[in-house]
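In: Take this sequence and fold it.
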Amino acid sequence: MKKTIPVLIIKCILVFIPLWMFFFLAKMMPLYYLNPDTLGAYWNNVFTYTKQSEDYDVVILGDSMAAQSFMPELLSDSTVNLSLAGSTPVEGYYTLENYLKHNDVPTDVFCCYMDYHLEDTEFTWDVSNIVRKFSLGQSYEIYKAMKMSGVDEIGAVTKDEYWNDVLQYTFYLPSKYSVSVVNTFTENRYEANQKLFNQITYRAGRYCAMTNDIFGTDGYYYTDFEVSPFKDYYYQKIVQLCAENNIKLHIVKLPLSGYNAFSDEYIDKVNAYYDNLLGDNENMEFDWFSEPYYYEWYWDYYHMNQHGSKAFSLTLKNTFPDLFGDYSASPRQMLAINDDINIENIPAEVFKWIDQKDYTVLLYDNLQTDDDFSGVYVAYFQYNNQYLQSAGVDNLYYVSGNGDTIDNLQIVSNGSGISVTVDGNDTTDIDIASVGVTMVVIDNSNHLIVRNEVAEFDLNSVNFMNWE
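Out: All right, here's what the predicted structure looks like:
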């Protein structure tokens, strides 16, 4: 009998080893198994539960529209976008609460939720839980808020199933994680997830669709505005949390395309709700950017593409100059802007991205016309005070985002092309045989060649053709 007890214990241990390994993998190695769609929430969770090496003056909360529209790379190096796709004031409140527990208090919070995320009880329950966004205490608060506001179900989870769901996520049980963890062995997610995680880092939390697609001309006539008691409760908690920490709160309603319209009743309801929510607190304001945007600045009914997001972020800089500062960019911001430039489909827009930043654009003129290229540049490219200058090689010119020279560039010309090296780090070749204008975009802060493309030009048209 004495010999069988140790054997039994060992067998029990061996039986549970797979479960312990499962728990360890699920808890300690999320980048190996998480679906890429949850990476934004995971990054957000890691960030808000961690003491950051630098303080952020501006924190942005909101849903996918806020994630899309607020661009920290254009706003300031002290801005972080903690918006989550599909989220509501529920996640917004706990995001801010978690951030404040581990970091210094920001001066300003911008908060932005689209109507359809306010009118019902849905929120990102499964996504937030799989990355462990809510503590047990916070889960209890959500449960009390459900009971208080008469909510019977969130997503597919009823009040009766609520704690069963919470505990399964809390202890990383296979019922919630098995499919994802199995994918660890059938798919190589780690490399792609790590790359995406790093991208979200240098974009200061901005995780959204990177596109310049255009949706079209459809619009909507807004006639009614409602906020469910459940969402209103958490909106009030955001207001209270900001008031307690002396944070200036800006609740923002984003611009929509000109194909949308609002009834007088809708406008009155929106203004009345936010006036009541913010009360007479002088440190809080509701900003409705009601001026319509071009439909070409949207890739679906509500979400701006990069052109719209750039326009809105620059509007914010002009609206809050003391908060967002000048137009220069840190090396981290420029890494994010590099991504913006790499999906840019209108070459003239590149010069807006680089404005007052440490970029150089080389332009090689092979239009094969008698037109003076300086006149072509002024007519089709020039933005603000970005003047065209000779790069010392026939038909090669440069434009500086911030007025610097090109002393950091080594330019070598031979019979077949031109070689360009930035700070001895990154090299590219210009194909002088390609008809059109070759544009080489150089990030001087990070010593990178960002883009080398030929753009075709129709001098009979006022429109510059898209990238090849």
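In: What's the first helix or strand after the worst-scoring helix or strand of the chain on mean pLDDT?
Out: Least confident helix or strand of the chain, by mean pLDDT, DSSP states H and E, is helix 4-28 with a mean of 61. Remark: after helix 4-28, the chain's next helix or strand is helix 39-48, criterion DSSP states H and E.
In: thinking residue 85 is in contact with residue 64, fair?
Out: Yes - between residue 85 and residue 64 a contact is recorded at 3.9 Å, counting by CB atoms under 8 Å. Any C-beta I mention is one placed from the backbone N, CA and C, and that applies to glycine too.
In: So for the two, which residues contact both of them?
Out: Residues touching both residue 85 and residue 64 (CB atoms under 8 Å, 6 or more residues apart in numbering): residue 208.
In: Kindly tell me how buried residue 417 is, as a neighbour count.
Out: Neighbour count for residue 417, taken as other CB atoms under 10 Å: 16.
In: Please report the distance of it from residue 151.
Out: 66 Å (CB to CB, to the nearest Å).
In: before we move on, what about residue 269?
Out: Residue 269 is 22 Å from residue 151, by CB to CB.
In: same check, this time on residue 57
Out: Distance from residue 57 to residue 151, by CB to CB: 35 Å.
In: How far away from the center of its chain is the helix or strand in which residue 140 is found?
Out: Per DSSP H and E, residue 140 falls inside helix 136-149. With CA atoms, centre = their mean, to the nearest Å as the basis, helix 136-149 stands 29 Å off its chain's centre.
In: got the CA positions of it in CSV?
Out: What follows is helix 136-149 as a C-alpha-only set of coordinates in CSV (Å, rounded to 0.1, in the frame of the first residue of the first chain):
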residue,chain,number,x,y,z
LEU,A,136,-12.1,40.0,-11.1
GLY,A,137,-13.1,43.3,-9.4
GLN,A,138,-13.8,45.0,-12.6
SER,A,139,-15.9,42.0,-13.8
TYR,A,140,-17.9,42.3,-10.6
GLU,A,141,-18.5,46.0,-11.3
ILE,A,142,-19.7,45.2,-14.8
TYR,A,143,-22.1,42.5,-13.4
LYS,A,144,-23.5,45.1,-10.9
ALA,A,145,-23.9,47.6,-13.7
MET,A,146,-25.8,45.0,-15.7
LYS,A,147,-28.2,44.3,-12.8
MET,A,148,-28.7,48.0,-12.1
SER,A,149,-29.4,49.0,-15.7
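In: For it, give me every contacting residue.
Out: Against helix 136-149 from outside (CB under 8 Å, 6+ apart): 90, 94, 97, 121, 134, 151-152, 154, 159, 162-163, 166, 170, 228-230, 233-234.
In: Let's see which of the residues you listed end up in strands.
Out: residue 154 (DSSP state E).
In: which of the contacts of helix 136-149 count as buried?
Out: 90, 94, 97, 121, 134, 151, 154, 162, 166, 170, 228, 230, 233-234 (16 or more other CB atoms under 10 Å).
In: what's the most distant pair in these?
Out: The span of these, defined through CB to CB, is set by 170 and 228 at 26.6 Å.
In: Figure out how far stretch 191-200 is from the centre of its chain.
Out: 14 Å.
In: Buried residues, that stretch. List them.
Out: For stretch 191-200, by 16+ other CB under 10 Å, it's 193, 196-197, 199-200.
In: now, which of the residues you listed sits nearest residue 412?
Out: Of these, the one sitting nearest to residue 412 (CB to CB) turns out to be residue 199, at 32.9 Å.
In: ok, the residue nearest to that closest one when sequence neighbours are not counted - contacts?
Out: Using CB to CB, 6 or more residues apart in numbering and skipping residues adjacent in sequence, the residue nearest residue 199 is residue 339, 7.3 Å away. Listed by CB under 8 Å, 6+ apart, the contact set of residue 339 reads 199, 203, 210.
In: quick one: residue 339 from residue 325, how far?
Out: According to CB to CB, residue 339 and residue 325 sit 22 Å apart.
In: Against residue 58, how distant is residue 77?
Out: From residue 77 to residue 58 the distance is 10 Å (CB to CB).
In: Correction: the previous question concerned residue 270.
Out: 24 Å.
In: Can you pick out the residue with more neighbours from these two?
Out: Set side by side, residue 270 and residue 58 show more neighbours around residue 58, with 24 against 19, by other CB under 10 Å.
In: which residues does that one form a beta bridge with?
Out: residue 79, residue 108 (DSSP bridges).
In: now the helices: where do they sit in the stretch 101-250 of the chain?
Out: All helices of the stretch 101-250 of the chain, identified by DSSP state H, counting those that start in this stretch, fall at 125-130, 136-149, 162-170, 174-186, 189-202, 229-244.
In: from the chain's centre, how far out does the third one sit?
Out: If I follow you right, that is helix 162-170. The answer for helix 162-170 is 30 Å, by CA atoms, centre = their mean.
In: list the helices and strands that helix packs on?
Out: Other elements packing on helix 162-170 under the criterion 3 or more CB pairs under 8 Å, 6 or more residues apart in numbering; DSSP states H and E are helix 125-130, helix 136-149, helix 174-186.
In: Residue 428 is nearest to which of those?
Out: Nearest to residue 428, of the helices and strands packed on helix 162-170 and by CB to CB, is helix 174-186 at 37.8 Å.
In: Now do the contacts for residue 193.
Out: For residue 193, counting by CB under 8 Å, 6+ apart, the contacting residues are 31-32, 34, 36, 39.
In: where does it land on pLDDT?
Out: Here, the pLDDT recorded for residue 193 equals 95.
In: ditto for residue 319
Out: pLDDT, residue 319: 96.
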